[in-house]
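Undergrad: heads up, no residue letters with this:
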Ligand SMILES: Cc1cc2nc3c(=O)[nH]c(=O)nc-3n(C[C@H](O)[C@H](O)[C@H](O)COP(=O)(O)OP(=O)(O)OC[C@H]3O[C@@H](n4cnc5c(N)ncnc54)[C@H](O)[C@@H]3O)c2cc1C
């Protein structure tokens with residue numbers, strides 16, 4: 001990616017040092033922008049959930065020269081065991097073949113953020129513990145006030161601050177205008193003093209809820225719970241243990257045990273699954289990226305890859321033309337792929353956690369009756385279909401494709 005016009009001295013603020021924000025900062029700083037990132041958290045460590053990187057996202061990582069780091073951080077989640085609440089096996093699968101065929105890398109979100117962060121060196125001014133508190137824009141720039149009280153002017157502001165984006169709230173409107181609840185919540189955390197699992201991933205599946213445990217080598221064991229709920233807000237951190245205990249009452253002893261072991265100081269990720277639908281991803285000189293613009297949720301396996309692809313397209317357009325028209329071209333390139341993925345995600349979410357005991361048993365019966373090779377082929381085909389949707393996203397600019 002090269003700068004075709006003069007971007008030197010132009011200043012960009014990125015809100016959120018997550019997957020999209022760090023990647024955008026990397027590319028923008030290479031094309032001559034002076035980049036500042038503000039991150040509300042004091043550190044980049046998080047609660048231990050995993051992401052799969054594939055398709056367009058993986059190609060962006062490759063272009064950054066970071067594929068060896070990604071491969072090194074990749075964790076095996078090949079052998080998967082699905083149990084019911086009484087501990088009976090529903091299904092046992094080896095996903096290794098699937099992951100190899102699709103060129104997926106599964107990594108901890110925190111490890112991917114670390115890789116991106118390390119790759120920035122000192123090229124970017126990263127300010128942890130900092131948030132935007134107000135934005136005021138005119139035709140030539142954006143005046144930003146931060147939580148510490150200081151004010152600075154930037155040429156552009158990128159909101160890469162997740163699906164509950166504060167940048168979006170300040171520049172576009174309230175979350176309720178853009179967030180579409182998928183009827184589920186998720187929680188993730190590291191297990192305290194966990195014992196080794198019998199497989200790479202063990203899931204306890206039940207009607208309306210599911211708990212997944214991942215063995216991450218010497219790093220330990222993480223838990224991910226997903227359950228049906230229309231609750232919109234994320235409960236306060238100190239209430240999350242009790243909240244989970246009530247949502248998973250009567251579940252398998254492993255589930256009760258992992259939740260019970262959480263301490264008052266444990267950091268637990270918990271929030272609703274919400275897709276973000278917003279007609280225009282930019283307003284003047286403020287633009288949204290990743291989950292802030294088009295959250296897919298974990299119902300798709302492409303949220304992180306799309307944040308990387310979006311960061312790449314946005315930076316590429318701003319490198320070619322530092323006028324606000326670049327923001328519109330970025331959206332045009334991303335939109336078709338995102339629309340297809342969101343539609344697919346809504347369909348997948350309906351099947352994810354069967355509502356009734358009857359439909360839950362029927363699904364389990366079909367899965368256990370199906371030959372393993374057929375089941376694996378079904379998963380491969382389904383993942384390939386999803387990857388195909390990301391092919392809509394053109395990582396090459398239109399002008400370069402035509403050349
Ligand atoms: C439990 C779980 C499992 C998931 N599994 C998958 C998966 O398997 N595959 C996949 O592709 N995706 C998965 N995802 C989705 C994936 O994590 C996101 O799509 C991806 O991280 C989006 O990147 P982002 O940069 O938009 O946001 P994030 O990576 O979430 O980064 C946002 C950053 O903004 C910061 N921030 C928030 N508010 C502010 C503020 N006001 N000011 C400054 N900074 C702020 C946050 O601290 C964070 O660092 C999962 C998500 C969850 C929660």
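TA: Nice, thanks for sending it over. All figures in this text were calculated on a predicted structure; none of them were measured in a lab.
Undergrad: may I have the beta-bridge partners of residue 11?
TA: residue 34 (DSSP bridges).
Undergrad: what number of residues lie near it?
TA: Residues lying near residue 11 (other Cβ atoms under 10 Å) number 17. C-beta: built from backbone N, CA, C; applies to glycine.
Undergrad: and if you look at the one 3 residues further on?
TA: Using other Cβ under 10 Å as the criterion, residue 14 is surrounded by 30 other residues.
Undergrad: residues touching it, list them.
TA: Going by Cβ atoms under 8 Å, 6 or more residues apart in numbering, residue 14 touches 21, 24-25, 28, 35-38, 157-158, 160.
Undergrad: and what of residue 306?
TA: Shown in contact with residue 306 (Cβ under 8 Å, 6+ apart): 56-57, 290, 294, 296, 334, 337-338, 341, 390, 393.
Undergrad: of these, which are in range of the ligand?
TA: The subset of the contacts of residue 306 within reach of the ligand, by Cβ under 6 Å from any ligand atom, is residue 290.
Undergrad: ok, the contacts of residue 306 vs residue 223, which is closest?
TA: Ranked by distance to residue 223 (Cβ to Cβ), the contacts of residue 306 are led by residue 296 at 22.0 Å.
Undergrad: can you classify that closest one by secondary structure?
TA: Classification of residue 296 using DSSP: H, G, I helix; E, B strand; the rest coil returns coil.
Undergrad: for residue 192, see how far away it is.
TA: Separation of residue 296 from residue 192 (Cβ to Cβ, to the nearest Å) stands at 31 Å.
Undergrad: between those two, tell me which one has more neighbours.
TA: residue 296 (25 against 13).
Undergrad: isn't that one right up against residue 345?
TA: Yes - the pair residue 296 / residue 345 is scored as a contact, 5.3 Å apart, by Cβ atoms under 8 Å.
Undergrad: now for those two: what residues contact both?
TA: With Cβ under 8 Å, 6+ apart as the test, residue 296 and residue 345 both reach residue 275.
Undergrad: quick one: low-confidence parts of this protein?
TA: Low-confidence segments of the chain, defined by pLDDT under 70: 1-6, 44-45, 97-99, 193-194, 397-403.
Undergrad: any buried residues in the host helix or strand of residue 93, and which?
TA: Per DSSP states H and E, residue 93 falls inside strand 89-94. Neighbour-count burial for strand 89-94 flags 90-91, 93 (criterion: 16 or more other Cβ atoms under 10 Å).
Undergrad: helix or strand next in line after the longest strand anywhere in the chain, which one?
TA: Determined from DSSP state E, the single longest strand within the chain is strand 179-190. Under the assignment DSSP H and E, the closest C-terminal helix or strand after strand 179-190 is strand 201-206.
Undergrad: need the residues of the stretch 201-350 of the chain near the ligand, please.
TA: Contact residues (Cβ under 6 Å from any ligand atom) of the stretch 201-350 of the chain with the ligand: 224, 269, 290-292, 298, 301-305, 307.
Undergrad: one more pass at 8 Å, please.
TA: With Cβ under 8 Å from any ligand atom as the criterion, the stretch 201-350 of the chain meets the ligand at residues 224, 269, 271, 289-293, 295-298, 300-307, 311.
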